[in-house]
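Q: Structure of the sequence below:
(one chain, ligands or ions: 1)
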Amino acid sequence: MAVSIPTDSLYSALNSVKKLRTFMGDLFKVLSSGGVGCEKADKFLDSKFVEDVQDYINKINQAFRDLEQSTNNLSAPAGPFSLGNSALLSQESVPNKQALYKQLVKSFKWNDKVHEYSAMSLPLLSFNLLKRSHANSSPKRRRIQPNCHNVPPQVVDSAIAFVDRLFPNMTMSVTRPYTSNAVLQITLGRVFQGLISFKGLMIEWVMIKGLGEQLDLWTESRYKVFQKVTENTHAAMLHFYSPTIPDYAIRSFMTWLHSYQSLFSDPCKSCHNHLHNNMPPTWRDYRSLEPYHEECKH
Ligand SMILES: [Zn+2]
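A: A predicted model of the protein is given here:
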């Protein structure tokens with residue numbers, strides 16, 4: 001819980017304390033000098049000395065009144081700050097653990113900043129044209145937009161069956177392990193296997209692996225080449241995404257993915273080599289479907 005302190009009155013209170021201390025110091029300095037340099041024998045009757053002392057006492061009174069006034073404006077914090085067990089860190093006596101308290105304070109500050117920045121970035125991101133869901137669109141616009149991630153399973157099945165007929169050397173099987181959303185398992189010739197997770201008709205996630213590897217949606221292949229292909233499928237799934245004609249998006253994506261049948265046989269279109277940095281051409285052009293090495297694509 002944040003305790004708000006009026007910084008202005010706190011500042012003026014601290015200022016009055018400083019003044020009070022200065023005037024007190026000055027007073028004692030005058031008193032200790034004992035009026036050295038005064039002409040009269042009875043120093044305490046010397047008018048200059050008495051004037052100085054009175055002057056400082058008046059100043060001290062004034063500063064004291066100021067201090068009282070500014071402290072009246074301050075309210076006491078409601079109860080002690082609850083730091084929990086972390087308060088004990090400041091009493092740590094083991095030298096190599098003493099820095100922990102500072103680090104804790106630092107991370108609190110960092111956390112505050114994250115909150116602040118995320119609050120600022122939210123309105124900026126809400127203007128982002130790359131967003132894939134239309135939850136924030138106006139109701140009028142939403143009626144026009146087909147809801148491609150909320151369609152009956154039969155529609156998804158028939159869209160996949162259509163693609164299945166297009167590519168005889170790519171075997172496909174649909175499962176629905178958790179929800180009504182489809183997970184498509186594919187095997188592309190003797191090149192690779194993969195899982196494509198759908199949300200309605202929208203491709204949501206892709207994982208490509210070698211033929212002998214265990215398939216699941218979240219573990220990367222242990223082979224660098226399939227890690228790279230997986231990465232590229234993620235870029236492609238965003239590239240081909242279309243909320244208005246989702247079945248066409250699936251067809252385009254699968255056509256693009258199917259072009260990987262020559263992953264280990266076709267040379268790079270740019271450098272005409274099979275291997276570059278010990279990797280085959282793992283990139284496929286979105287339009288021409290031509291193979292390129294990661295380093296050779298434009
Ligand atoms: Zn190349």
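
Q: Centre of the chain to the helix or strand hosting K18, how far?
A: Under the criterion of DSSP states H and E, K18 resides in helix 7-33. The chain centroid and the centroid of helix 7-33 are separated by 47 Å under C-alpha atoms, centre = their mean, to the nearest Å.

Q: same question for it, mean pLDDT?
A: For helix 7-33, mean pLDDT rounds to 86.

Q: Summarise which helices and strands that helix is packed against.
A: Counting contacts by 3 or more C-beta pairs under 8 Å, 6 or more residues apart in numbering; DSSP states H and E, helix 7-33 is packed against helix 47-73. For glycine as for every other residue, the C-beta is placed from the backbone atoms N, C-alpha and C.

Q: Output the contacting helices and strands for the helix it packs on.
A: Using 3+ C-beta pairs under 8 Å, 6+ apart, helix 47-73 sits against helix 7-33.

Q: Point out where the stretch 51-200 of the chain drops to low pLDDT.
A: Applying pLDDT under 70 to the stretch 51-200 of the chain flags the ranges 77-83, 90, 128-147.

Q: In contact with M237, which residues?
A: 203-204, 206, 253 (C-beta atoms under 8 Å, 6 or more residues apart in numbering).

Q: With R190 instead?
A: R190 is in contact with L211, counting by C-beta under 8 Å, 6+ apart.

Q: Tell me which of the contacts of M237 fall in helices.
A: F253 (DSSP state H).

Q: farthest pair in the contacts of M237?
A: Spanning the widest gap among the contacts of M237 are E204 and F253, at 11.8 Å by C-beta to C-beta.

Q: which of the two has more neighbours?
A: F253 (22 against 15; other C-beta atoms under 10 Å).

Q: So for the more buried one, what's the nearest residue that isn't a sequence neighbour?
A: Spatial nearest neighbour of F253, excluding adjacent residues (C-beta to C-beta, 6 or more residues apart in numbering): F240 at 4.4 Å.

Q: and S118, what helix or strand is that in?
A: When elements are assigned from DSSP H and E, S118 belongs to helix 99-125.

Q: Could you do I186 as well?
A: Assigned by DSSP H and E, I186 falls in strand 183-188.

Q: which other residues reach the helix or strand following that strand?
A: Going down the chain from strand 183-188, the next helix or strand is strand 192-199, by DSSP H and E. Residues from elsewhere that reach strand 192-199 (C-beta under 8 Å, 6+ apart): 149, 156, 181-188, 203-211, 213, 215-217, 226, 229-230, 233, 257, 260, 263.

Q: now those: which count as buried?
A: Using 16 or more other C-beta atoms under 10 Å as the burial test, the contacts of strand 192-199 include 149, 156, 181-184, 186-188, 203, 205-209, 213, 215, 226, 229-230, 233, 257, 260, 263 as buried.
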